[in-house]
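Student: The amino acid sequence is not available; the structure is as follows:
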């Protein structure tokens, strides 16, 4: 589920709702960044995705909302 309680599925598009620092770099994923074609996974992080300009990332579902 996303920050608003909507159910997420593989292939959905989401928007980041909070600035997120990228571990190991000085890059930041800004609020409002669109993430397309997510993949849901089990474990510490819920979402595998690719963000333009940054690359492959893992996100927690509480920091995104469904578009």
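Tutor: Thanks, I have the structure now. Bear in mind the structure is a predicted one, so any value in this text is a computation, not a measurement. Numbering: from 1, shown residues only.
Student: The residue minimising distance to the centre of the chain: what's it in contact with?
Tutor: Using CA atoms, centre = their mean, the residue of the chain that lies closest to the mean C-alpha position is residue 59, 4.3 Å off. Contacts for residue 59 (CB atoms under 8 Å, 6 or more residues apart in numbering) come out as 16, 20, 35, 45-47, 49. The way it works is simple: take the backbone N, C-alpha and C, and place the C-beta from them, glycine included.
Student: Need the per-residue pLDDT for residue 14.
Tutor: Note on residue 14: pLDDT of 94.
Student: What's opposite the residue nearest to the centre of the chain in the beta bridge?
Tutor: Beta bridges link residue 59 to residue 47, judged by DSSP bridges.
Student: The one 5 residues further on too?
Tutor: When bridges are called by DSSP bridges, residue 64 pairs up with residue 16.
Student: which residues touch it?
Tutor: 2-3, 8, 14-17, 35, 47.
Student: cool, and residue 39?
Tutor: Residues in contact with residue 39, defined by CB under 8 Å, 6+ apart, are 10-11, 47-49.
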